[in-house]
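[1] Fold the following for me, if possible:
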Amino acid sequence: MLFERFRAAILAFAALALPAAHALADPIADFYASKSVTLVVATPPGGPYDIYARLLARHFGGHIPGHPTILVENMPGATGMRAAEYLYAVAPQDGTVIGNLHNMIALIEALGQSSVKLDPTQFNWLGNMAREVGDVILSTTSPVKTVEDARHKEVVMGAAGPMALGAIYPRVMNRVLGTKMRLVTGYNGANGVAHALEQGEVEGDAGDTWFSGQGRTYDWWKAGKIRVLVQIGTRAPDLASVPLLPDLARNDDERQLLELFSTPYVVGKPSAVGPKVPADRVAALRAAYNATLADPALLADAKKLGVSIAPVSAEELTALIKHLMSLPPPLLARAKTIAAP
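    Numbers count the residues shown, from 1 in each chain. Next up, the predicted model:
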């Protein structure tokens, strides 16, 4: 009899506890616990985007409810537009595919420079891993030492493709500021251009990312192998005497254009999921992304890799991209002509 009463009490407690257990269940954790997540990188292995993506992949899963495994997949092509199109229109829209996309996506679409048609404002942006400083660098063996020199002497610049930053900035400087930069394209990403610069095939590179105190470009600079002609986006503390791109403007029209072309460095190393991912999963991924970029373990790994973490929030990044996509048509038409190969 005592056993039966005890058994009845246990069953009654279980019946009461069951609704509470269901209430405490986390549907996001339940979803991700049995999944792996693919992190698509818009560039080849080895370059800055790939380094950032693999750094994120090592730590992100531990902050997502359910702790999924993160798998990195490189999907280079068309200055990042191949990966963007995949995330936008092909990948599962359930939060199991994340993109570390190219900082040129919004500018390329705003200027109508791609056959891939997508609306960057429709991505669910998670944020940006680093607010960056861009640069235009020249080998110290080049006779060109200043922007004024580049207005009078030809300088050979390397780039991955015609719509890569390494190609756009020389065209912008040529067409807005009157420099004489000759482009050689077709190199395999940032590493290919860097190798060409080391081998003397080209004199300079544009659109690289400057990491104060660390990284390949900084090491070249400290060793006296390169000079920094221009910085783009934000100022680096160790390049105080180097002009920002808009500083070179000679009138308001030029300044507007040079500011527009500087925006990719705020877009930086952006992460997103597709347009139709459910809102609760987007919110969970954004919270996990923020926590990951504040994680001391990730920050320690970033320091070892020689990269900076300077996050831009999902809200700020979304607002910037919406601003880019809604600029006055006459300004965009002028910019389109300037950027065109």
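[2] Surely residue 83 is in contact with residue 39?
    No - using Cβ atoms under 8 Å, residue 83 is not in contact with residue 39, being 10.6 Å away. In this view, the C-beta of every residue, glycine as well, is placed from N, C-alpha and C.
[3] which of these two has more neighbours?
    Neighbour tally, residue 83 and residue 39, criterion other Cβ atoms under 10 Å: the higher count belongs to residue 83, 25 against 20.
[4] list the residues that contact both of residue 83 and residue 39?
    residue 99 (Cβ atoms under 8 Å, 6 or more residues apart in numbering).
[5] what residues go with each domain of the chain?
    28-131+268-339, 133-264 (automatic domain parsing).
[6] Mean pLDDT added to those domains, as JSON lines?
    Shown next, in JSON lines, are these (pLDDT from 0 to 100):
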{"stretch": "domain 28-131+268-339", "mean pLDDT": "94"}
{"stretch": "domain 133-264", "mean pLDDT": "93"}
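[7] mind listing what the residue nearest to the spatial centre of the chain touches?
    Residue closest to the average C-alpha location in the chain (Cα atoms, centre = their mean): residue 269, at 1.8 Å. By Cβ under 8 Å, 6+ apart, the contact set of residue 269 is 48, 49, 52, 100, 103, 128, 129, 130, 132.
[8] Backbone dihedrals for the closest residue in space to residue 149 that isn't next to it in sequence, please?
    The shortest distance from residue 149 to any non-neighbouring residue, by Cβ to Cβ, 6 or more residues apart in numbering, is to residue 143 (7.2 Å). When read as degrees, to the nearest 10, the backbone of residue 143 gives phi -70, psi -10.
[9] next one: residue 244
    According to degrees, to the nearest 10, residue 244 has phi -70, psi 150.
[10] Contact partners for it?
    Neighbours of residue 244 in contact, by Cβ under 8 Å, 6+ apart: 230, 231, 232, 233, 235, 262.
[11] do residue 147 as well
    Taking Cβ under 8 Å, 6+ apart, we find residue 147 in contact with 173, 177, 179, 229, 230, 243, 248.
[12] Check the residues you listed and tell me the two furthest apart.
    Maximum pairwise distance in the contacts of residue 147, criterion Cβ to Cβ, is 13.1 Å, between 179 and 243.
[13] Looking at these two, which is more packed in?
    Between residue 179 and residue 243, counting by other Cβ under 10 Å, residue 179 is the more crowded of the two (25 against 15).
[14] didn't that one look like it was pressed against residue 172?
    No - contact criterion Cβ under 8 Å: residue 179 and residue 172 do not qualify, at 9.3 Å.
[15] The contacts of residue 269 into CSV, with extra columns for secondary structure?
    Below are the contacts of residue 269 laid out as CSV (DSSP: H, G, I helix; E, B strand; the rest coil):
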residue, secondary structure
48, helix
49, helix
52, helix
100, strand
103, coil
128, strand
129, coil
130, strand
132, coil
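[16] which residues in the stretch 101-250 of the chain form strands?
    124-128, 133-139, 155-159, 181-185, 204-210, 226-233 (DSSP state E, counting those that start in this stretch).
[17] Kindly export the last one (C-alpha atoms) in PDB.
    Yep, that's strand 226-233 we're talking about. The C-alpha atoms that make up strand 226-233 are tabulated as PDB, following Å, rounded to 0.1, in the frame of the first residue of the first chain:
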ATOM      1  CA  ILE A 226      56.400  49.600 -48.800                       C
ATOM      2  CA  ARG A 227      55.000  53.000 -48.300                       C
ATOM      3  CA  VAL A 228      51.300  53.800 -47.500                       C
ATOM      4  CA  LEU A 229      50.100  56.300 -50.100                       C
ATOM      5  CA  VAL A 230      46.500  56.700 -48.800                       C
ATOM      6  CA  GLN A 231      44.300  55.200 -46.000                       C
ATOM      7  CA  ILE A 232      40.600  54.600 -46.500                       C
ATOM      8  CA  GLY A 233      37.700  54.400 -44.100                       C
END
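[18] which residues does the residue nearest to residue 152 when sequence neighbours are not counted contact?
    With Cβ to Cβ, 6+ apart as the criterion, residue 152 has its nearest non-adjacent residue at 7.2 Å, and that residue is residue 180. Contact partners of residue 180, counting by Cβ under 8 Å, 6+ apart, are 150, 151, 152, 153, 154, 155, 174.
[19] Among those, name the buried ones.
    150, 155, 174 (16 or more other Cβ atoms under 10 Å).
[20] From these, pick the one nearest residue 222.
    Once Cβ to Cβ is applied, the member of the buried ones among the contacts of residue 180 that ends up nearest residue 222 is residue 155, at 22.2 Å.
[21] Report how many residues lie close to the residue lying closest to the closest one once chain neighbours are set aside.
    The shortest distance from residue 155 to any residue other than its chain neighbours is 4.5 Å, reached at residue 144 (Cβ to Cβ, 6+ apart). By other Cβ under 10 Å, the residues close to residue 144 number 23.
[22] Tell me the spacing between residue 144 and residue 219.
    Residue 144 is 22 Å from residue 219, where distance means Cβ to Cβ, to the nearest Å.
[23] again, but for residue 99
    Taking Cβ to Cβ, one finds residue 99 at 30 Å from residue 219.
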